[in-house]
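Asks: Quick check, what structure comes out for this input:
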Amino acid sequence: MSQANGWSGHLAREARKHWAARLAAEGSLPCLSCGMDVTLADAWDVGHRVAVVDGGDLTDRDNQWPQHRDENRRDGQRIAVRRKAEGAVSRSAAFFEAEAA
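Replies: Below is the predicted model:
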């Protein structure tokens, strides 16, 4: 399984469990994007300092950090827009091209 397809299920749960424990122990950590506090009471995700599509390691704790959920989603959208501008084929485009062949 490639890293790009692996950020779900067990890996995501383990990362979230790790960062939830850190948040509980420290009370808060600065958001990966904005630097404002992320707490367990916030809607948060585990963000990646270097996106997987840019060569970041999905499972490396040094590449992970808590991030406000909305900011994590915006980062994902920015990456998708950038990749499209670079000419990358989206997952859905590849699927539909394969179906047409």
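
Asks: For this protein, just list every one of the strands.
Replies: 29-30, 37-38, 44-48, 64-68 (DSSP state E).

Asks: I'd say residue 70 and residue 42 touch.
Replies: No: look at residue 70 against residue 42 with CB atoms under 8 Å: they stay out of range, at 10.0 Å. All C-beta spots, glycine's among them, are computed from the backbone N, C-alpha and C.

Asks: Between these two, which contacts overlap?
Replies: Both residue 70 and residue 42 lack any common contacting residue under the criterion CB atoms under 8 Å, 6 or more residues apart in numbering.

Asks: where are the low-confidence patches of the protein?
Replies: The chain contains residues with pLDDT under 70 at 1-7, 89-101.

Asks: Mind doing that once more with 80?
Replies: 1-8, 88-101 (pLDDT under 80).

Asks: and the closest residue to residue 83 other than its chain neighbours, how far is that from residue 13?
Replies: Leaving aside its chain neighbours, residue 83 sits nearest to residue 53 (6.4 Å; criterion: CB to CB, 6 or more residues apart in numbering). To residue 13, residue 53 is 22 Å away according to CB to CB, to the nearest Å.

Asks: Can you check which of the strands of the chain gets nearest to residue 58?
Replies: strand 44-48 (7.2 Å; CB to CB).

Asks: How about the contacts made by residue 39?
Replies: Residue 39 is in contact with 23, 27, 28, counting by CB under 8 Å, 6+ apart.

Asks: Please spell out the PyMOL selection for the buried subset of these.
Replies: A single PyMOL command is used to select the members of those judged buried by 16 or more other CB atoms under 10 Å:
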select buried, resi 23
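
Asks: between the contacts of residue 39, which is closest to residue 48?
Replies: Among these, residue 23 lies closest to residue 48 (CB to CB), at 17.1 Å.

Asks: Appreciated, that's everything.
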